[in-house]
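J.: predicted model and sequence below, questions to follow.
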Amino acid sequence: MESGTIPLSSIPGPFDLQATLESGQTFLWTRADERTYLDPAPREGTDWYRTALDDQVVAVRQTGDALEWRATERDPTEALRDRLRLDDEMAQMLASLPDDPLIDAATAAFPGLRVVDEPFFPTLVSFILSAQMRVERIHSLVQSLGETYGQPLSFGEETVYAFPTPEELAAATERELRDLGLGYRAPYVLESAAMVADGTLSADDIRSLPYEEARTRATEFVGVGEKVADCVLLFSLGFTDPVPLDTWIRSAIEEYVPDIEVTTYRDTSRAIRERFGPYPGIAQTYVFHYLRHREALTAAGRAQQ
DNA sequence: CTCCAGGGAGCCT
DNA sequence: AGGCTCCATGGA
């Protein structure tokens, strides 16, 4: 077992591991203590979060002045920098966001939240599952897929499962996936996994296109409409434009930006991106996380007084 | 019991 | 193109 630290001083701008991994962008990490999302972290830093990363198990936690890591085979620092976008100049990017009351409140509530850059296929499947599903349950199902179809990797005395490859998942049956609890999404996952496995549509096919064309192309996957396509582009393909228009963001537009008429996805997206520029996806990710937790934040604020 | 969840497919006009 | 309806499942 290897171990080491990444000093927070080497990361430009604020960084918040818990907010980054528990804000519904990625469902590939698990908290070692199995507590639920956004339960308070221990005093001396966050809990350990684990994932399978490049054929080894990596665990990270954040302390007062560093990211500590443990890995079964080799130093994962470079991979962590890529996935958690540790090299982004966050202070500069946050300062460049428009001066808007909602964005200001969201960035102030969780400074250090970063938009992740996770692998394409697990992200595609995760957000196919996300249709009409709570964040916590998406996480539970993604973990179940790993435990059922993914490769086991030892982590000390414990076992961590990699997310299944397209081939491994495409070999499942609809009956099995329905028994796992995927419901009507089971055939969507199977068909899209087969499309990736046989090369019908790849991450590179989508990545190379201009944003709106990429979004349309991604909807060729089964179970992927414009909203899910936006999530995949934002959280796994490096696009900074997507503003996934889910129920939270749509209601936020009606409440905070009433002059934007919510019509078609394309036109609403264009209008909100104009307001959220120059990094609409980052602004959206902050706003989504803030909206889902602002009641708790308000309650905590009252408790402190 | 009802209602709802980071929506999308299929079918209708 | 835009508007319906149905879709599984679990938790509040």
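T.: Received, thanks.
J.: which residues does A:Ala229 contact?
T.: For A:Ala229, the contact set (C-beta atoms under 8 Å, 6 or more residues apart in numbering) comprises A:214-216, A:218-219, A:221. Glycine gets a C-beta too; all of them are placed from N, C-alpha and C.
J.: please list all residues in contact with the residue of the stretch 101-250 of chain A found nearest DNA strand B.
T.: Here the stretch 101-250 of chain A gets closest to DNA strand B at one residue, A:Gly225, 2.7 Å apart by C-beta to the nearest atom of the strand. Contact analysis of A:Gly225 by C-beta under 8 Å, 6+ apart lists A:Thr219.
J.: any idea how far it lies from DNA strand C?
T.: 10 Å (C-beta to the nearest atom of the strand, to the nearest Å).
J.: include pLDDT, neighbour count and secondary structure when you put the contacts of A:Ala229 into a markdown table, please.
T.: Output for those, formatted as a markdown table (pLDDT from 0 to 100; neighbours: other C-beta atoms under 10 Å; DSSP: H, G, I helix; E, B strand; the rest coil):
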| residue | pLDDT | neighbour count | secondary structure |
| --- | --- | --- | --- |
| A:Ala214 | 98 | 21 | helix |
| A:Arg215 | 98 | 26 | helix |
| A:Thr216 | 98 | 14 | helix |
| A:Ala218 | 98 | 24 | helix |
| A:Thr219 | 98 | 15 | coil |
| A:Phe221 | 98 | 24 | coil |
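J.: now do the phi/psi pair for the residue of the stretch 101-250 of chain A closest to DNA strand B.
T.: phi -100, psi -160 (degrees, to the nearest 10).
J.: do you know the pLDDT at it?
T.: Predicted confidence (pLDDT) for A:Gly225: 98.
J.: run the chain-centre distance for stretch A:129-137.
T.: Between the centre of stretch A:129-137 and the centre of its host chain there is 13 Å, according to C-alpha atoms, centre = their mean, to the nearest Å.
J.: before we move on, what about stretch A:4-23?
T.: The answer for stretch A:4-23 is 15 Å, by C-alpha atoms, centre = their mean.
J.: endpoint to endpoint, it covers what distance?
T.: End-to-end span of stretch A:4-23 (C-alpha to C-alpha, to the nearest Å): 26 Å.
J.: pLDDT of that stretch, averaged?
T.: Computed over stretch A:4-23, the average pLDDT equals 96.
J.: what of stretch A:156-163?
T.: On average, stretch A:156-163 scores 96.
J.: great, nothing more from me.
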